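**Student:** Quick one, fold the following:
(chains A, B, C and D)
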There are 2 protein chains.
Amino acid sequence: MQRDVFHPATGQISLPAVYNALSDPVRLQIVARLSELGELGELTCSAFLDYGSKTVISYHLARMREAGVTRTRIEGKQHYVSLRAGDLETRFPGLLPVVIASVRAEVKAAARKSPVCAAPKRPAKKPAARKSAKAVA
Amino acid sequence: MQRDVFHPATGQISLPAVYNALSDPVRLQIVARLSELGELGELTCSAFLDYGSKTVISYHLARMREAGVTRTRIEGKQHYVSLRAGDLETRFPGLLPVVIASVRAEVKAAARKSPVCAAPKRPAKKPAARKSAKAVA
DNA sequence: AACATTGTTCAATGAATGTTGAACTATTGT
DNA sequence: ACAATAGTTCAACATTCATTGAACAATGTT
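**Tutor:** Residues are numbered from 1 along each chain as shown, chains lettered A, B, ... in the order given. Take a look at the predicted model:
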């Protein structure tokens, strides 16, 4: 019954939202996979099940769709997902190609060592010796 | 006493972390401002007070620094902040220039209408008529 | 009709994010 | 020593995010 889903108009795509959509390893891998197909390549949601459970994939795909990074075309039971390469090029010229190049390099580098590209956690803070112990003045 | 702060090595800069650092309007404005100065331009934290309180600026600058987007050089009481343009170019060629071009366009467009570039909130979900009311079978 | 396929939606949970104001640290004047 | 300047750090709070598992919905197959 739900025959179509929300997509922001090209002009409504916001830069922070796009970067936010790209700030997750799972989503970057999805972009990488989609980019292998060329400009108009489409994949079905289940093509990404390597990266997480179907619930997780559904969540991330919705996130990218709502940010304007991907388009979802529904046909029968399948939901075909593609990159909005043209729209993004119109709105933020050069952005997507750079993303693709970077993510490919990163994925390739990650393949050489570890299974998934993870961010190095920040150093964490010290135990903290806080709160005016200067009483011994 | 705290004479220097953490910066990830160039090779340790992660792509999701960088995009994450760029996924906030305040931080994008900081990048925009820094980019106006050319490659090596430095600004002091207080130069960004238009974008938020000193606490907020401190928070966002730390975030970008830890992601590898900016460098902070401490000299006396001032903390000089600059873009890690060279390091980013090494790690993710073309990324920063595109970011700068995009954010400038966005900031310019925002200046034409509203004070701050805000993302259009997603359509929100419907009230929901959930949970098996199919009891009337 | 019954069933499998393909995917969404929901509630719950825990972690991360962004903001605020107060307290703190370090440096530089006077 | 006292005070001003420049920034950080902390606790608290409200949001948002990412993940899980169960329930749901729409389509297609037998």
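
**Student:** Send me the helix ranked longest in chain A as CSV with only the CA atoms.
**Tutor:** Selection of the longest helix in chain A by residue count, based on DSSP state H, yields helix A:95-113. These are the backbone C-alpha positions of helix A:95-113, laid out as CSV (Å, rounded to 0.1, in the frame of the first residue of the first chain):
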residue,chain,number,x,y,z
LEU,A,95,31.4,15.9,-3.8
LEU,A,96,30.2,12.4,-4.6
PRO,A,97,33.2,11.5,-6.9
VAL,A,98,35.6,12.4,-4.1
VAL,A,99,33.5,10.4,-1.6
ILE,A,100,33.7,7.4,-3.8
ALA,A,101,37.4,7.7,-4.5
SER,A,102,38.1,8.1,-0.8
VAL,A,103,35.9,5.3,0.4
ARG,A,104,37.3,3.0,-2.2
ALA,A,105,40.8,3.7,-1.0
GLU,A,106,39.8,3.3,2.6
VAL,A,107,37.9,0.1,1.9
LYS,A,108,40.8,-1.3,0.0
ALA,A,109,43.3,-0.4,2.7
ALA,A,110,41.0,-1.9,5.3
ALA,A,111,40.8,-5.1,3.3
ARG,A,112,44.5,-5.4,3.6
LYS,A,113,44.4,-5.6,7.4
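
**Student:** Flag every buried residue along it.
**Tutor:** A:95-96, A:98-100, A:102-103, A:106-107, A:110 (16 or more other C-beta atoms under 10 Å in any protein chain shown). Using the backbone N, CA and C atoms, a C-beta is placed for each residue, glycine as well.

**Student:** Adding pLDDT and distance to residue B:76, write these out as TSV.
**Tutor:** Output for these, formatted as TSV (pLDDT from 0 to 100; distance: C-beta to C-beta, whole Å):
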residue	pLDDT	distance to residue B:76
A:95	97	38
A:96	97	43
A:98	97	37
A:99	97	39
A:100	96	43
A:102	96	37
A:103	93	41
A:106	78	38
A:107	69	43
A:110	64	41
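
**Student:** what subset of these is also close to chain B?
**Tutor:** A:95, A:98, A:102-103, A:106 (C-beta under 8 Å from any C-beta of the partner chain).

**Student:** Can I get the buried residues of helix A:95-113 in JSON lines including distance to residue A:53?
**Tutor:** What follows is the buried residues of helix A:95-113, written out as JSON lines (distance: C-beta to C-beta, whole Å):
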{"residue": "A:95", "distance to residue A:53": "30"}
{"residue": "A:96", "distance to residue A:53": "27"}
{"residue": "A:98", "distance to residue A:53": "30"}
{"residue": "A:99", "distance to residue A:53": "25"}
{"residue": "A:100", "distance to residue A:53": "26"}
{"residue": "A:102", "distance to residue A:53": "27"}
{"residue": "A:103", "distance to residue A:53": "22"}
{"residue": "A:106", "distance to residue A:53": "23"}
{"residue": "A:107", "distance to residue A:53": "21"}
{"residue": "A:110", "distance to residue A:53": "21"}
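
**Student:** could you measure the one residue sitting closest to the centre of chain A against residue B:76, distance?
**Tutor:** Nearest to the mean C-alpha position of chain A, counting by C-alpha atoms, centre = their mean, stands residue A:27 at 2.9 Å. With distances taken as C-beta to C-beta, to the nearest Å, residue A:27 is found 42 Å from residue B:76.

**Student:** What segments of chain A are helices?
**Tutor:** Using DSSP H, helices in chain A cover A:15-21, A:25-35, A:54-67, A:85-91, A:95-113.

**Student:** circling back to that earlier point, what is the nearest of the ones next to chain B among the buried residues of helix A:95-113 to residue A:80?
**Tutor:** residue A:103 (21.0 Å; C-beta to C-beta).

**Student:** out of everything not next to it in sequence, what's closest to the residue nearest to the centre of chain A?
**Tutor:** Using C-beta to C-beta, 6 or more residues apart in numbering or on different chains and skipping the chain neighbours, the partner closest in space to residue A:27 is residue A:60 (5.1 Å).

**Student:** Isn't that neighbour up against residue A:53?
**Tutor:** No: Residue A:60 is beyond contact range of residue A:53, at 10.8 Å (criterion: C-beta atoms under 8 Å).
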